[in-house]
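J.: Predicted model and sequence below, questions to follow.
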Amino acid sequence: MAQKKLRSTEWFGRHDIYGFIYRSWVKNRGVPQDQFDGRPVIGICNTWSELTPCNTHFRTLAEHVRNGVLEAGGFPLEFPVMSLGETLLRPTAMLYRNLASMDVEESIRGNPLDGVVLLMGCDKTTPSLMMGAASVDIPTIGVSGGPMLSGKYRGHDVGSGTNVWSMSEDVRAGKITTEEFHEAESCMHRSHGHCMTMGTASTMASMVEALGVGMPGNAAIPAVDARRNVLARMAGRRIVQMVKEDLTLSKILTRDAFENAIRVNAAIGGSTNTVIHLIAIARRIGVQLELDDFDRLGRGVHCLVNLMPSGKYLMEDFYYAGGLPSVIRELGENGRLHRDALTAIGKTIWENNADAPCWNREVIHAFGSPFKAESGIAVLRGNLCPNGAIIKPSAATPKLMKHKGRAIVFENIEDFHKRIDDPQLDIDESCVMVLKNCGPKGYPGMAEVGNMPLPPKLLKKGVTDMVRVSDARMSGTAYGTVVLHVAPEAAAGGVLALVENGDEIELDVGKRKLELLVSEQELAARYTKWKQPAPPLERGYWRLYFDHVLQANDGADLDFLTGKSGAFVPRDNH
């Protein structure tokens, strides 16, 4: 069968004035003429940035991809795109996920690329690159940066994010000193890589592998392990062959692939952020993934992986125990996997993982004796969240999964910070903490503030968890009985905006119910007094985002970005 004409020949395969322009300027760094002989041109989409600590080793990773492309007879061209650092970027990296996806999409479409390797690691770099690439739909392979080595503090493992939350509570409760807190900072993050808990970064790296866009092993090889570089090199080799096979992203990102990813997320105790990202990626490629799919498909799937924040181990342990291939094998052997889903290496997901070993059942449990039973993402409904809300049962306190309590309302994040440490705050452990105006429009960007720190007055009494409800997200490294992604959000006029101090809220995760126990007549009266908050800025991207962002249940993409435009570019540039 004749090979499909490459996109890059529209630039480099011409012998007119345009071909001269396209080739000549590339030659200024020493590229010889034979590189334009029709070989596949491979883009290396790099999110390296010193402002994104998780991705600071990507220059080295890109070199290994480049070597692989050259070894397979391709022509590699590296390019930068906006990088989203979870730890430094204000007000939240999620605000810029969609902007970065636009950067990726237009960079791929507008340049002479036949295939692309996506280098991603920190939380939002993964979905933004996947979303942008999906909207172009050329051969694509993903390479994650890998997790950090396990944190070590005073003889104990500490996990990024997870122990930040617990130790910050200990400081506020007077259990540890500020000096001890500072000492732990250097002990927790001691190598290149992203969070080494099963937070959003590790979860999304797992999703890349589970979707078939990444190679086997992508999820868990530590960033500083030489085998991570080998994986990058092999990805560089493989993308050249994918171009020759015309194995485009839409042939991999099928409905079956997303269903596999949802079940893998349940099995690894993955981040709640997966919900919002998978919906957005799916709708870019043309798969109508719904919020209820996560509940439906997650039922009957057990949490098999004993990792923070749901358990005690870290990603380094996960890799040594067998990594994601071992989890996929458990799902496949127990009827929870679409075995024929195609992957980037040209084989099915089952062909890749059918013989995957497990070396440590303390870390990766068998399906028949799970770490935690029936613990996927639970989707809640009720008058407080008519379009849905979510909770992560594996990170919650069992006795709080069915609870009724008095609402303590914080109108926004500033109100929360102003009042939470006040010893006079009228709150006890039976109350339900409610945070408003932290959703897509309200923050803006739907920040990871849903796991509200508890009041010091209760921490000192030994209280470690309370029911918390908000339209925000929470870090995948966080834990607690936390209801998130309430839709519609308060800033969009959702019922959450109408909750007042003293209202009763009922949570019943078993029945998938979240109710505000206030009459419809009273809510209607309150709504007449409600005013939508003004846009956070009158101009620029913030205003564009506020005007066009979808709600959490629709993936929080911009309304005009759903779907794809493909790879066709109609005109030359001169």
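T.: Arrived safely.

J.: wait, Val434 sits on Asp471?
T.: No - counting by Cβ atoms under 8 Å, Val434 stays clear of Asp471, with 9.9 Å between them. (Each C-beta comes from the backbone N, C-alpha and C, glycine too.)

J.: which residues are common contacts for those two?
T.: Common contacts of Val434 and Asp471 (Cβ atoms under 8 Å, 6 or more residues apart in numbering): Leu496.

J.: of those two, who's got more company?
T.: Neighbour totals were compared for Val434 and Asp471, and Asp471 leads with 33 against 28 (other Cβ atoms under 10 Å).

J.: What values do phi and psi take at the more buried one?
T.: Torsion angles at Asp471 (phi, psi; degrees, to the nearest 10) stand at phi -90, psi 10.

J.: And the pLDDT at it?
T.: pLDDT, Asp471: 98.

J.: Show the contacting residues for it.
T.: Contact analysis of Asp471 by Cβ under 8 Å, 6+ apart lists 435-439, 442, 446, 485-487, 489-491, 494, 496, 552.

J.: Recalculate using a threshold of 10 Å.
T.: By Cβ atoms under 10 Å, 6 or more residues apart in numbering, Asp471 lies in contact with 385, 389, 434-443, 446, 450, 483-492, 494, 496-497, 551-552.

J.: From the contact counts, what lies against the longest helix seen in the chain?
T.: In the chain, with assignment by DSSP state H, the single longest helix is helix 226-245. Contact analysis of helix 226-245 by 3 or more Cβ pairs under 10 Å, 6 or more residues apart in numbering; DSSP states H and E lists strand 41-46, helix 58-71, strand 75-80, strand 115-120, strand 140-144 as its packing neighbours.

J.: Can you give me the buried ones in the worst-scoring helix or strand of the chain on mean pLDDT?
T.: Within the chain, no helix or strand scores below helix 162-172, which has a mean of 83 by mean pLDDT, DSSP states H and E. Within helix 162-172, the residues that qualify as buried are Thr162, Asn163, Val164, Trp165, Ser166, Met167, Glu169, Asp170, Arg172, counting by 16 or more other Cβ atoms under 10 Å.

J.: The second one contacts Tyr153, doesn't it?
T.: Yes - using Cβ atoms under 10 Å, Asn163 and Tyr153 qualify as a contacting pair, with a distance of 7.8 Å.

J.: Between these two, which contacts overlap?
T.: By the contact definition Cβ under 10 Å, 6+ apart, Asn163 and Tyr153 are jointly contacted by Ala184, Cys187, Met188.

J.: What helix or strand is the first one located in?
T.: For Ala184, the enclosing helix or strand under DSSP states H and E is helix 178-188.

J.: and Val499, how many residues sit next to it?
T.: Neighbour count for Val499, taken as other Cβ under 10 Å: 24.

J.: ok now do it, which residues does it touch?
T.: Val499 neighbours (Cβ under 10 Å, 6+ apart): 384, 407, 409, 411, 432, 434, 436, 469, 486, 490, 505, 516, 518, 523, 526.

J.: And for Val240?
T.: So Val240 contacts 39-42, 68-76, 114-115, 139 (Cβ under 10 Å, 6+ apart).

J.: re earlier: and the helix holding Ala184 with helix 162-172, angle?
T.: Inter-element angle recorded for helix 178-188 and helix 162-172: 170 degrees (by axes from the mean of the first three to the mean of the last three Cα atoms, to 10 degrees).

J.: Report all helices and strands that helix 178-188 contacts.
T.: In terms of contacts (3+ Cβ pairs under 10 Å, 6+ apart), helix 178-188 is packed against strand 151-153, strand 156-158, helix 162-172.

J.: Look at the nearest residue to Ser168 once chain neighbours are set aside and report its pLDDT.
T.: The spatially closest residue to Ser168, leaving aside those adjacent along the chain, is Pro453, at 7.0 Å (Cβ to Cβ, 6 or more residues apart in numbering). At Pro453, the model reports a pLDDT of 94.

J.: Hmm, Ile420 and Pro453 touching each other?
T.: Yes - under the criterion of Cβ under 10 Å, Pro453 makes contact with Ile420 at 6.6 Å.

J.: who touches both of those two?
T.: Residues touching both Pro453 and Ile420 by Cβ under 10 Å, 6+ apart: Arg172, Met433.

J.: so what's Gly174 up against?
T.: For Gly174, the contact set (Cβ under 10 Å, 6+ apart) comprises Pro456, Leu459, Lys460.

J.: hmm, try it at 7 Å
T.: Gly174 sits next to Lys460 when contact means Cβ atoms under 7 Å, 6 or more residues apart in numbering.

J.: how close does it sit to Met452?
T.: 19 Å (Cβ to Cβ, to the nearest Å).

J.: Let me have the helices and strands packed on helix 226-245 in TSV, adding distance to Ile281, mean pLDDT and mean neighbour count as columns.
T.: Below are those laid out as TSV (distance: least, Cβ to Cβ, whole Å; pLDDT from 0 to 100; neighbours: other Cβ atoms under 10 Å):
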stretch	distance to Ile281	mean pLDDT	mean neighbour count
strand 41-46	15	98	26
helix 58-71	21	98	21
strand 75-80	21	98	18
strand 115-120	12	98	29
strand 140-144	11	98	30
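
J.: picking that back up, of all the buried residues of helix 162-172, which comes closest to Tyr22?
T.: Ranking these by separation from Tyr22, with Cβ to Cβ as the measure, puts Val164 on top at 48.8 Å.

J.: Beyond the helix holding Ala184, next helix or strand please.
T.: Next along the chain after helix 178-188, taking DSSP H and E as the criterion, comes helix 200-210.

J.: For that following helix, give me every contacting residue.
T.: With Cβ under 7 Å, 6+ apart, helix 200-210 has contacts from 54, 121-123, 126-127, 142, 144, 147, 194-195, 214, 216, 218-219, 260-261, 264-265, 268, 270-271, 273-274, 277-278, 315, 324, 328, 475-476.

J.: pLDDT averaged over that helix - what is it?
T.: 97.

J.: same deal with stretch 456-463?
T.: Across stretch 456-463, the average pLDDT comes to 94.

J.: first vs last residue of that stretch, how far apart are they?
T.: One end of stretch 456-463 to the other measures 9 Å (Cα to Cα, to the nearest Å).

J.: buried stuff in that stretch?
T.: Residues of stretch 456-463 classed as buried: Pro456, Lys457, Leu458, Leu459 (neighbour count, 16+ other Cβ under 10 Å).

J.: Which one of the residues you listed is nearest to Asp225?
T.: Leu459 (38.1 Å).

J.: wouldn't that closest one be in contact with Arg172 here?
T.: Yes - the pair Leu459 / Arg172 is scored as a contact, 6.0 Å apart, by Cβ atoms under 7 Å.

J.: Any idea how many residues pack against the residue nearest to Arg154 when sequence neighbours are not counted?
T.: Closest residue in space to Arg154, ignoring its immediate chain neighbours: Cys187 at 7.7 Å, by Cβ to Cβ, 6+ apart. Counted with other Cβ under 10 Å, residues neighbouring Cys187 total 15.

J.: which phi and psi does Leu561 have?
T.: As for Leu561, its main-chain torsions (degrees, to the nearest 10) stand at phi -100, psi -10.

J.: start the count at 662, not 1, going forward
T.: All set: I'll call the first residue 662, so the last point we hit is now Leu1222.

J.: Tell me the spacing between it and Pro1197.
T.: Taking Cβ to Cβ, one finds Leu1222 at 20 Å from Pro1197.

J.: More neighbours: which of these two?
T.: Legend: neighbour count by other Cβ under 10 Å for Leu1222 and Pro1197, higher for Leu1222 (22 against 17).

J.: Contacts only, for that one.
T.: When contacts are counted by Cβ under 7 Å, 6+ apart, Leu1222 touches Asn759, Ser762.

J.: Could you tell me the model confidence score at it?
T.: For Leu1222, the predicted pLDDT is 98.
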